[in-house]
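Novice: pasted the sequence and its predicted model underneath.
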Amino acid sequence: MQSRRKLDVSFVIRDADEPAHRGGINSIQYEPSKKLLFTAGRDSIIRYWDVSGDKVVHKGNLEHHTDWVNDIALCKKGDNLLSVSSDSAFKVWDVSRRSCSVTIRTHKDYVKAVAFAEKSSTAITGGLDHKVQIWDINQLIAISASNTNVTAQPLSGHRSSVYSVAITPSANIAASGGTEEIVRIWDPRTPGSEKVCKLKGHVGNVRSLALNEDGTQCLSASSDGTVRLWSIGQQRCIMTVRCHRQGVWTLLPDPDNFNHVYSAGRDGSVFLSDVRHADRNELVVQEDASVLKMALDEEKRLWISTTNSCVSLWGVNDSCTEIDDDLATPRCSSPVKTVKGSPAIVQHHVLNDRQHVLTKDSEENVALYNVFLAKKDEELGKVDFEEEIKKRSQVVYVPNWFSLNEKTGLLNITLDEPDCYQAWVHARDAGFPDSEPEVKLNLGGILLRALFDGWVSVDSNQKDGTDKSKTPSKNSISAGSTDSKAQASNDKSAANAVSSQNGPRNGFFSVPQHTPIIISERGDAGSTKQRMLAGQVTPGNEATVGGDTLPVWVRDVVVKNVLPKFSRLAFALMPYKNSAVRPLRKERLSAHDVVRMDKIVEHVFEQLFAGNDPIMPSKDVEAAVGKKPEEVVQILCQDLVLSPEHDLRTVKYFFWKAGGDMQIMYRLKAEAPPPQASNDSTTAPSEET
């Protein structure tokens, strides 16, 4: 069955290989027996690295999430990895196969935290849907086609978002916290049991939690800038540490001494504190960005991830048993080694052609992307972003047909109904100069065909992949109201014009095969239904996209080859003031909104000077013999001469700028011209998607 919620299709423009993170790294885990560092990024990718030598070596990527990976936890000595994400998914990974074994979608919003109890193979997850859930990982790993029995033990009680969870190795005690500023303590061993207790004292979001091995004490870090040590048995705060200037986002106790804890957060300061004494705190590292997560290696050196795209190893172990009470000078001045990242896209501007996007990354580099072809066109380097926008803008209006964001540090393009099918353009304007002049493309429809080019489950009478929808004929101007005439039916369709059995099924181009395609429920927290690469949608592998997953509005184009009709615009075509030309027999007309002014010129010329019954006097008709329409007739709007390349929607948006039916004027070119309309984009209003 189709999901009751509407489904969108999105894709990511990225490189074939993405060996480095783009943007912040939300979580890290270190596996000492294999000397592997696992990093979970805001670019939706989990990477792992061999850190045994002097140089860090990238070993592989785990890719299946579609939004920020918020937290990870190792289990089974690094054979498996647990991950949670803002795509609402909880995943179990087989690291050796670099594959996702299980995806669980019982959370209905961003999943923010996961923790694992090694001795009991139990995991705990928490998210913005106010839910905390307990999982049997052995049961999840055993899932197969014949065994799909999966149940989660819910821990009910949270009234707001959960940002942090913790669990003891034997899973006898669990903890959770979030925006309600309370630490809740649970006994996961008793299904359906009420919480053990609530620990109150924080006045900010509880961002990080840790439990000692026997579950008698709890450490918590909060956006209120404090770290607190709690006695669970006494249900009270034993000690409050106040060494941070801003919110504390992560903490990490020494595995051999629970009273020694590293804490870090928004201010980038990493402190080592003895939580038995409020004033025993040492600044060990000062990062230049907010700290998101920490991990200790076997030598008790500290791996730190931040909101930038790098992870650094710091040798803080030199005197970890001694705390120098130094709040000013960090113990470590430079890292031992660094896992380097790549710049993330932080700003974008959609150009007026609605095909190209300018971006600026975190290192001030500017690039030009082609959304229609799903690729990067050009690296422009460190140029002025605003000046580049002005230089590349055009006086052209194309309706919005996609939305985009750079949340993951890459361009994520979303196509939804009905906006996806709003933009028709001439094929030559879309980058296909060899196309016939009358061929027009529906940008969204052609792109969807490229994304699902390998889909083979087409209707038996549509297996050639051609587009049976009609495009406007050469004189696609009709008198009367917008609905008075049917679509013109004699012109070539977009796909027919250049389609061949050996080329792309859409007749024009293919998207890069490494392009991730995502089908998800509509909305900021919409659940991902399917993720695949464009190259995985191949003949014989159409199961990659389940028939109940592909939205109906996509199937209509990809499978049934049905494209929407053109939009039409009503307008009045009248002589220019004080012009010698006569009125047309019908001045109220309608036409497809992609009709250009050169076609309007032809129409006026034919009515005035050609045909069986020309309107103009015979001497004027004779004078026009042998001349081209554009040599005789000029088209204007609001006293500005229009370019032959302007289409009706561009004229309405940039020149008419008024309510009611648009008024277009015509006159003889020999008459004194008014000021010319400039093709300089500075005359057009600035606009941004």
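Specialist: That came in fine, so what should we check first? Numbers count the residues shown, from 1 in each chain.

Novice: burial of the closest residue to residue 401 other than its chain neighbours, as a residue count?
Specialist: Of all residues not flanking residue 401 in the chain, residue 423 sits nearest, at 4.0 Å (Cβ to Cβ, 6 or more residues apart in numbering). Just so you know, the C-beta spots here come from the backbone N, C-alpha and C atoms, and that holds for glycine as well. Other residues near residue 423 come to 24 when the count uses other Cβ atoms under 10 Å.

Novice: my guess is residue 423 meets residue 354, correct?
Specialist: Yes - the pair residue 423 and residue 354 qualifies as a contact (Cβ atoms under 8 Å) at a distance of 5.9 Å.

Novice: quick check: neighbours shared by those two?
Specialist: Common contacts of residue 423 and residue 354 (Cβ atoms under 8 Å, 6 or more residues apart in numbering): 398-401, 443.

Novice: from those, which ones fall inside helices?
Specialist: residue 443 (DSSP state H).

Novice: which among the shared contacts of residue 423 and residue 354 count as buried?
Specialist: Applying 16 or more other Cβ atoms under 10 Å to the shared contacts of residue 423 and residue 354, the neighbour count classes 398-399, 401, 443 as buried.

Novice: among the shared contacts of residue 423 and residue 354, which one lies nearest to residue 597?
Specialist: Nearest to residue 597 out of these is residue 398 (Cβ to Cβ; 16.2 Å).

Novice: tell me who's in contact with the closest one.
Specialist: 352-355, 423, 425, 443, 649.

Novice: counting neighbours, what do you get for the closest residue to residue 310 other than its chain neighbours?
Specialist: Sequence neighbours aside, residue 341 is the residue nearest to residue 310 in space, at 4.8 Å (criterion: Cβ to Cβ, 6+ apart). Residue 341: 25 surrounding residues under other Cβ under 10 Å.

Novice: didn't residue 341 look like it was pressed against residue 18?
Specialist: No - counting by Cβ under 8 Å, residue 18 is not a contact partner of residue 341; they are 10.7 Å apart.

Novice: so how many other residues sit close to the closest residue to residue 87 other than its chain neighbours?
Specialist: Excluding the flanking residues, the one nearest residue 87 by Cβ to Cβ, 6+ apart is residue 67, at 4.1 Å. Neighbour count of residue 67, defined by other Cβ under 10 Å: 23.

Novice: OK, contacts around residue 67?
Specialist: With contact set as Cβ under 8 Å, 6+ apart, residue 67 has these partners: 44, 85-87, 110, 407-408, 528.

Novice: ok, now with 6 Å
Specialist: With contacts defined as Cβ atoms under 6 Å, 6 or more residues apart in numbering, residue 67 is in contact with 44, 85-87.

Novice: what about the helices in the stretch 401-550 of the chain?
Specialist: For the stretch 401-550 of the chain, the helices defined by DSSP state H, counting those that start in this stretch cover 443-451, 494-498.

Novice: can I get the buried ones among the shared contacts of residue 423 and residue 354 in JSON lines with distance to residue 379 and pLDDT?
Specialist: What follows is these, written out as JSON lines (distance: Cβ to Cβ, whole Å; pLDDT from 0 to 100):
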{"residue": "398", "distance to residue 379": "25", "pLDDT": "96"}
{"residue": "399", "distance to residue 379": "29", "pLDDT": "95"}
{"residue": "401", "distance to residue 379": "26", "pLDDT": "97"}
{"residue": "443", "distance to residue 379": "24", "pLDDT": "95"}
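
Novice: quick revisit: what is the nearest of the contacts of residue 398 to residue 231?
Specialist: Closest to residue 231, out of all of the contacts of residue 398 and judged by Cβ to Cβ, is residue 354, at 60.9 Å.

Novice: against residue 11, how distant is the closest residue to that closest one other than its chain neighbours?
Specialist: Excluding the flanking residues, the one nearest residue 354 by Cβ to Cβ, 6+ apart is residue 398, at 3.8 Å. Residue 398 sits 19 Å away from residue 11, going by Cβ to Cβ, to the nearest Å.

Novice: now swap in residue 554 and tell me
Specialist: Shown here: residue 554 relative to residue 11, a distance of 12 Å by Cβ to Cβ.

Novice: sheet partners, orientation included, of the helix or strand containing residue 292?
Specialist: Assigned by DSSP states H and E, residue 292 belongs to strand 291-296. Strand 291-296 pairs in its sheet with strand 302-306 (antiparallel), by DSSP bridges.

Novice: okay, now the unreliable bits of the chain?
Specialist: 1-4, 144-149, 191-194, 317-327, 456-503, 524-526, 538-548, 672-689 (pLDDT under 70).

Novice: middle-most residue in it, spatially?
Specialist: residue 412 (3.0 Å; Cα atoms, centre = their mean).

Novice: now do it against residue 359, distance only.
Specialist: Per Cβ to Cβ, residue 412 is found 12 Å from residue 359.

Novice: one more: residue 417?
Specialist: 26 Å.

Novice: so how far is the helix ranked longest in the chain off the chain centroid?
Specialist: What stands out as the longest helix in the chain, according to DSSP H, is helix 597-609. The chain centroid and the centroid of helix 597-609 are separated by 45 Å, computed with Cα atoms, centre = their mean, to the nearest Å.

Novice: over to stretch 32-44?
Specialist: Remark: stretch 32-44 is offset 23 Å from the chain centroid, using Cα atoms, centre = their mean.

Novice: buried stuff in it?
Specialist: 34, 36-44.

Novice: so the residue in the chain sticking out farthest from the centre, which of the three states?
Specialist: Most distant from the centre of the chain: residue 619, at 63.1 Å, with distances by Cα atoms, centre = their mean. At residue 619, secondary structure determined by DSSP: H, G, I helix; E, B strand; the rest coil is helix.
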